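In: this one's sequence-less:
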Ligand code: GLV
Ligand code: MN
Ligand code: MN
């Protein structure tokens, strides 16, 4: 016999097939030939994704608005409109060779929950707001997690708007083009107040799949520091210039990266150190390189390690300059995040009640929740991703796991919104 109370639970109204189809629709926007997605922040593909989400929201009668940094909000009214809302969401932008689930899953799972509430005729006390945070990935404009950082007060709006991509286009200009192509009513201010935030995301690592668990109860996010390094030498003729007379920016940059690999050496393999962008100028086979620009992404769960090793980067770089000028600029620093115990417990309880195998785990990847957690009790829900592959066009997840995460999200949001 069907339990009549089950029909009143929003998780019972989550529809796996609808959620999956929405992923397939979104994946067409910026689709790559290898089955992934290239939908960078404030691109025409991002504008298309905004229009698609806005259209779905309009069809359900949900109000849509955007703030001054381009975060996109979809609102499901509560019975007390002035109560502090409960937020959920993630991001719609992707890596250049991104997958179909990183970020967009948290947006679509949140939208599925809003629809589930509407379908079940449920009206929580607090409003529910779905947020698509602007520029989480940081591949076009740095720093990443830009929209949530501005929202949470960790990054000044002016600084964010002034950031430029490699073609010299500013966030301010790209944002006004995007909002012209994907209009939404403007909302004032940032930062709430909000009652709580829960973000769903694919794990982006192999642990859930290996352990045969469906739900990751996320306890926190490791900290990170990001830098740019500019090495300036002197262009010279490759055929005539003796080694002693060269200021070879590439030779210096290679020595710097090699020394930094030593600095970051860690037998425990906890340190994460990545040089993901490395640009050589003028890029001519027969000119000694005059300029190199590269990025550093350094992560660790321990604040002391982040401080100690991160603070030595500039000195190590200077010692391997080989006669060039080296400028190290720290562009973002986010301390390790510890999620609110009550949200962690709630996510775990919801997973248990729904009968899903789960495990507590920290996040190696960064998420918008790391900023929102500074202004509201926050937590995250992970679902497995195939072989742990992410930031890769082969990224994959199953419709059943995506729906499971959305059901846990639905119950967690219901509890928070009725509190
Ligand atoms: C987000 O994509 C991150 O870099 O962790
Ligand atoms: Mn992400
Ligand atoms: Mn990502």
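Out: Cool, the structure landed. Remember, it's a predicted structure, so these values are computed and weren't measured experimentally. Ligands and ions are numbered 1, 2, ... in the order given.
In: which strands and helices lie in contact with whichever strand or helix holds residue 112?
Out: Per DSSP states H and E, residue 112 falls inside helix 104-120. Packing contacts for helix 104-120, counted by 3 or more C-beta pairs under 8 Å, 6 or more residues apart in numbering; DSSP states H and E, involve helix 16-27, helix 44-60, strand 72-76, strand 86-91, strand 128-133, strand 196-202, helix 399-418. Bear in mind the C-beta positions are built from the backbone N, C-alpha and C, glycine included.
In: so can I have CSV of those showing distance to residue 257, mean pLDDT and mean neighbour count?
Out: CSV is the format used below for the helices and strands packed on helix 104-120 (distance: least, C-beta to C-beta, whole Å; pLDDT from 0 to 100; neighbours: other C-beta atoms under 10 Å):
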stretch, distance to residue 257, mean pLDDT, mean neighbour count
helix 16-27, 35, 98, 17
helix 44-60, 32, 98, 18
strand 72-76, 38, 98, 24
strand 86-91, 29, 98, 28
strand 128-133, 31, 98, 28
strand 196-202, 30, 99, 30
helix 399-418, 38, 98, 24
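In: can you pull out the helices in the stretch 151-300 of the chain?
Out: Using DSSP state H, counting those that start in this stretch, the helices assigned to the stretch 151-300 of the chain run over residues 157-162, 171-181, 207-211, 249-263.
In: nearest to ligand 2: which residue in the stretch 201-350 of the chain?
Out: residue 201 (5.8 Å; C-beta to the ion).
In: residues contacting residue 377?
Out: 195, 196, 197, 340, 342, 343 (C-beta atoms under 8 Å, 6 or more residues apart in numbering).
In: if we can go back for a sec, the helices of the stretch 151-300 of the chain: which one's closest to residue 405?
Out: helix 207-211 (10.4 Å; C-beta to C-beta).
In: how many residues are close by the closest residue to residue 146 other than its chain neighbours?
Out: Leaving aside its chain neighbours, residue 146 sits nearest to residue 135 (4.2 Å; criterion: C-beta to C-beta, 6 or more residues apart in numbering). Residue 135 has 32 neighbours, counted by other C-beta atoms under 10 Å.
In: ok, now which ones touch residue 135?
Out: By C-beta under 8 Å, 6+ apart, residue 135 lies in contact with 41, 42, 70, 91, 93, 141, 144, 145, 146, 147, 171.
In: around ligand 2, which positions in the stretch 1-150 of the chain sit nearby?
Out: Contact residues (C-beta under 5 Å from the ion) of the stretch 1-150 of the chain with ligand 2: 102, 103.
In: and the stretch 1-150 of the chain, which of its residues are near ligand 1?
Out: Neighbours of ligand 1 within the stretch 1-150 of the chain, by C-beta under 6 Å from any ligand atom: 137, 144.
In: if we go to 8 Å?
Out: Within the stretch 1-150 of the chain, the positions near ligand 1 by C-beta under 8 Å from any ligand atom are 95, 102, 103, 136, 137, 138, 144, 145.
In: wasn't the first one part of a strand?
Out: No: note on residue 95: no strand contains this position according to DSSP: H, G, I helix; E, B strand; the rest coil, which reports coil.
In: correct me, but it touches residue 395?
Out: No: using C-beta atoms under 8 Å, residue 95 is not in contact with residue 395, being 9.5 Å away.
In: so what's in contact with those two at the same time?
Out: By the contact definition C-beta under 8 Å, 6+ apart, residue 95 and residue 395 are jointly contacted by residue 102.
In: residue at max distance from the center of the chain?
Out: residue 240 (47.9 Å; C-alpha atoms, centre = their mean).
In: quick one, phi/psi of it?
Out: As for residue 240, its main-chain torsions (degrees, to the nearest 10) stand at phi -120, psi -20.
In: in helices, which of the contacts of residue 135 appear?
Out: If you go by DSSP state H, these have 146, 147, 171 in helices.
In: dump those residues to JSON lines, plus pLDDT.
Out: Shown next, in JSON lines, are the ones in helices among the contacts of residue 135 (pLDDT from 0 to 100):
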{"residue": "146", "pLDDT": "98"}
{"residue": "147", "pLDDT": "98"}
{"residue": "171", "pLDDT": "99"}
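In: of all those residues, which comes closest to residue 61?
Out: Nearest to residue 61 among those, counting by C-beta to C-beta, is residue 147 at 25.0 Å.
In: what number of residues are in the vicinity of the residue nearest to that closest one when sequence neighbours are not counted?
Out: In space, and not counting its chain neighbours, residue 147 is closest to residue 134: 3.2 Å by C-beta to C-beta, 6+ apart. Other residues near residue 134 number 31, with proximity taken as other C-beta under 10 Å.
In: could you measure from residue 134 over to ligand 1?
Out: Residue 134 sits at a distance of 14 Å from ligand 1 (criterion: C-beta to the nearest ligand atom, to the nearest Å).
In: touching, residue 312 and residue 263? I think so.
Out: Yes: counting by C-beta under 8 Å, residue 312 touches residue 263, with 6.0 Å between them.
In: okay, now the unreliable bits of this structure?
Out: 1-7 (pLDDT under 70).
In: can you rerun that using 50?
Out: Across the chain, the ranges flagged by pLDDT under 50 are 1-2.
In: what's the burial count for the residue nearest to residue 66 when sequence neighbours are not counted?
Out: The spatial neighbour of residue 66 that comes closest, neighbours along the chain excluded (C-beta to C-beta, 6+ apart), is residue 184 at 4.2 Å. By other C-beta under 10 Å, the residues close to residue 184 number 20.
In: quick revisit: which two of the contacts of residue 377 have the greatest separation?
Out: Farthest apart among the contacts of residue 377 by C-beta to C-beta are 197 and 342. That separation is 12.5 Å.
In: three-state assignment of residue 348?
Out: The three-state label given to residue 348 by three-state DSSP is helix.
In: can you tell me which residues contact it?
Out: Contacts of residue 348 (C-beta under 8 Å, 6+ apart): 217, 358, 360.
In: distance check, residue 27 against residue 108.
Out: Applying C-beta to C-beta, to the nearest Å, the value for residue 27 to residue 108 is 11 Å.
In: typo on my end, residue 174
Out: In terms of C-beta to C-beta, residue 174 sits 24 Å off from residue 108.
In: neighbour-wise, which of those two wins?
Out: residue 108 (28 against 25).
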